[in-house]
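[1] prediction below, plus the sequence it came from.
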Amino acid sequence: MTDDYSDIINLPRPVSKTRMPMSLRDRAAQFAPFAALTGYDEAIGETARLTDSKHVLSDEEARELNQKLRFLKENLGSRPLVTVRFFLPDSRKSGGSYLTYQGNLRRIDYVERELVFTDDHTINIDDVVSIEGR
């Protein structure tokens, strides 16, 4: 029995006379992985992303935080440098993350319930966990 392709194995590769050869990049793209479920990888990544739950302050912690806010209100003229640890709610799922911000406090807005810093950064007072000031 002879080889199945012995009659054509040594023939030159056919070249079209009417079409330009495809670039190697375009040829490689034909064999690139295909994502049948678009957005699936992002959805899995979002589900796997961990968030923290918001800590509810105890009465003692709330009292201490209010004392620090009163002290800062009395000293706003000196633009005190404060470090604030706060909870930032996640915009896409329940929970959020705890962040720390340091800056010079410009004012405390009790109507909007925000700490306003000299660089116009704002933090919601209800999300504040702790304040350290100088």
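    Here it is on my side, so go on. All values derive from a computational prediction rather than experimental measurement.
[2] excluding sequence neighbours, find me the nearest residue to the residue positioned nearest the centre of the chain.
    Nearest residue to the geometric centre of the chain (C-alpha atoms, centre = their mean): D90, 9.0 Å. Of all residues not flanking D90 in the chain, G96 sits nearest, at 4.6 Å (C-beta to C-beta, 6 or more residues apart in numbering). Bear in mind the C-beta positions are built from the backbone N, C-alpha and C, glycine included.
[3] and the helix or strand of the chain with the lowest mean pLDDT, what does it pack against?
    When the helices and strands of the chain are scored by mean pLDDT, DSSP states H and E, helix 40-48 comes last with a mean of 81. Applying 3 or more C-beta pairs under 8 Å, 6 or more residues apart in numbering; DSSP states H and E, one finds that helix 40-48 contacts no other helix or strand.
[4] helices or strands next to the longest helix belonging to the chain in the packing?
    The longest helix of the chain (DSSP state H) is helix 59-74. With contacts defined as 3+ C-beta pairs under 8 Å, 6+ apart, helix 59-74 has these neighbours: strand 96-109, strand 128-133.
[5] show me the one of these that comes nearest L76.
    strand 96-109 (6.1 Å; C-beta to C-beta).
[6] burial count for the residue lying closest to E46 once chain neighbours are set aside?
    Leaving aside its chain neighbours, E46 sits nearest to R92 (6.5 Å; criterion: C-beta to C-beta, 6+ apart). R92: 7 surrounding residues under other C-beta atoms under 10 Å.
[7] lovely, talk soon.
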